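Q: Below is the sequence, then the predicted model.
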Amino acid sequence: CAHRATAFARQQPGASRSPLPGVLTTTLLLFLAGLQAAGLQNNNNELVRCIEDLKEKREEVHRQITKDEEEKSKVQNDLQVLTKRLSQLQAESERKKANLQEYDRTVQETEAAYMKILESSQTLLHVLKRETVSLSKKTGSRPGQMQLMG
């Protein structure tokens, strides 16, 4: 397109006038005018094609912008959904971590209480055996044969 526009700008009317007399001059002038008119028409056609090409390229860029804007909108929507989900997961995770700590504390306390119960039951069993032996000696019976007194 630019080459044709430059060629068009170089053409100047009257630059090819000749000192030939009469009909020859008129014929030559008409011929040159015809060439110039044909050149102008060719240049005009080329300019119209260039303008149409530019319009098509503009439309393509406009379609790309529209497509990009639609994708941008979708991505922003997805980002909002994902951000909301991330927030929910973080809150849920914190709640579960608090529950886990509560379970850990309860297990530790229960195990400690159980150990105390075991120690107490062992102590109680030891005391009971000692008392059984002591009572057996006093009553003269063997420890496994003791009867309950009522």
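A: That came through, no problem.
Q: what about the protein, any weak spots by pLDDT?
A: Where the chain drops to pLDDT under 70, the residues are 1-33, 35, 39, 141-150.
Q: Taking the centroid of it, which residue is nearest it?
A: Nearest residue to the geometric centre of the chain (CA atoms, centre = their mean): residue 79, 6.1 Å.
Q: so which strand or helix has that residue?
A: Secondary structure from DSSP states H and E places residue 79 in helix 22-139.
Q: Figure out how far that helix is from the centre of its chain.
A: Helix 22-139 sits 3 Å away from the centroid of its parent chain (CA atoms, centre = their mean, to the nearest Å).
Q: which other helices and strands contact it?
A: Counting by 3 or more CB pairs under 8 Å, 6 or more residues apart in numbering; DSSP states H and E, the packing neighbours recorded for helix 22-139 are helix 2-10. (C-beta placed from N, C-alpha, C; glycine too.)
Q: Residue 110 and residue 78: what is the separation?
A: Separation of residue 110 from residue 78 (CB to CB, to the nearest Å): 47 Å.
Q: no, scratch that, I was asking about residue 136
A: Taken as CB to CB, the span from residue 136 to residue 78 is 84 Å.
Q: again with residue 61
A: 25 Å.
Q: Also residue 102?
A: 36 Å.
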